[in-house]
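Trainee: Next come a sequence and a model predicted from it.
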Amino acid sequence: KGAVELKNLIGDAPLVIIDEAQRIDNIGITLKLIHDTYPAIRLLATGSSSLDLANKIKEPLTGRSIELTLYPLSTTELAANSIEAEGIRAKALVYGAYPAIWQSPEPVATDMLRRLATDYIYRDAFNPSTHFDQTIMNNLLQLLAYQLGNEVSYNELASHLEIDKNTVKRYIDLLEKAFIIFRLNQFRRNQRTVVGRLRKVYFYDLGVRNGLIDAFQPIDLRPDIGALWENYAILERMKALQQHKIHASSYYWRHKTGQEVDYIETAGEAIAAYEFKWS
């Protein structure tokens, strides 16, 4: 009976798209039923939280699904050539690359990002059953926004926020699973010559990052342009890796003497090192 009801709902559609799939009860079992009963139908399930979506669909769909991260627009999607890319970078470093933001005039985009940086994080990114303190979360995000490109210490964040370290780790984990931030860990070979347990935190969209601290100045007036460029370059590389189906691990490297490499990428035995300089 369930399969028949689903077919009546779907009709003859060759493609079925379910947005915010993690909000639907038993969505994993429902998708499995559609797939197994009507294999010709293509299914696309999207969600704004990898934690909730993964918990609800991965086990029922083992061996039946492909998981992709839907990043903001990439430079290669927006620019036809390198000349166009120059102007696109200048805008993306300030306003990010969400499609709706990208198509809006700058005053409208600024207003949208201010609201997105507050409303979205608490309304859409987390499941209503996720427990967190909104004030602490907002303060943590602002601290991370200001520390863009620098090493982040959980102990220091905890001290600033007057909470314990484990709470900081939990909140950062939630933010990463909600595709708001991502972390790079240190690349380590010799434990005696690298700094201890630190990491760098970057944002999936720089417009959201700038909205959190209300910083929309043009790039030639920004003291944080180096950090923005580093975030932008690493994120564009992550988009390219997925687009070209390249499996690689990403890190940064820092020596105890202060020497640093912005980005390390490993693929098998191959190691590539990158340095990002806006100037």
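Mentor: It's in. Keep in mind it's a predicted model, so treat the numbers as computed, not measured.

Trainee: quick one, helices of the protein?
Mentor: Shown for the chain, the helices assigned by DSSP state H span residues 2-10, 27-37, 50-57, 75-78, 82-95, 99-102, 106-115, 121-123, 134-146, 154-161, 165-177, 206-212, 225-243.

Trainee: And the contacts of the fifth one?
Mentor: Spelled out, that is helix 82-95. Under the criterion C-beta atoms under 8 Å, 6 or more residues apart in numbering, residues 75, 78-79, 101-102, 106, 109-110, 113, 206-207, 210, 216-219, 222, 225, 228-229, 232 lie in contact with helix 82-95. For every residue, glycine as well, the C-beta is placed using N, CA and C.

Trainee: what would the helices of the chain look like in a markdown table with mean neighbour count?
Mentor: Shown next, in a markdown table, are those (neighbours: other C-beta atoms under 10 Å):
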| stretch | mean neighbour count |
| --- | --- |
| helix 2-10 | 12 |
| helix 27-37 | 18 |
| helix 50-57 | 19 |
| helix 75-78 | 16 |
| helix 82-95 | 16 |
| helix 99-102 | 16 |
| helix 106-115 | 16 |
| helix 121-123 | 14 |
| helix 134-146 | 17 |
| helix 154-161 | 16 |
| helix 165-177 | 17 |
| helix 206-212 | 25 |
| helix 225-243 | 19 |
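
Trainee: can you put those helices in a markdown table and add mean pLDDT?
Mentor: Formatted as a markdown table, the helices of the chain follow (pLDDT from 0 to 100):
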| stretch | mean pLDDT |
| --- | --- |
| helix 2-10 | 76 |
| helix 27-37 | 84 |
| helix 50-57 | 62 |
| helix 75-78 | 92 |
| helix 82-95 | 91 |
| helix 99-102 | 91 |
| helix 106-115 | 94 |
| helix 121-123 | 68 |
| helix 134-146 | 93 |
| helix 154-161 | 95 |
| helix 165-177 | 91 |
| helix 206-212 | 96 |
| helix 225-243 | 96 |
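
Trainee: Specify the stretch among these that is closest to residue 270.
Mentor: Taking C-beta to C-beta as the criterion, helix 225-243 is the member of the helices of the chain that comes nearest to residue 270, at 13.3 Å.

Trainee: now the helices of the chain in TSV, with distance to residue 275?
Mentor: What follows is the helices of the chain, written out as TSV (distance: least, C-beta to C-beta, whole Å):
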stretch	distance to residue 275
helix 2-10	51
helix 27-37	43
helix 50-57	30
helix 75-78	19
helix 82-95	17
helix 99-102	28
helix 106-115	29
helix 121-123	32
helix 134-146	23
helix 154-161	25
helix 165-177	25
helix 206-212	20
helix 225-243	9
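
Trainee: closest one to residue 20 among the ones you listed?
Mentor: helix 50-57 (8.9 Å).

Trainee: Please go through the protein and pick out the longest strand.
Mentor: strand 260-267 (DSSP state E).

Trainee: Report the distance from that one to the chain centre.
Mentor: 19 Å (C-alpha atoms, centre = their mean, to the nearest Å).
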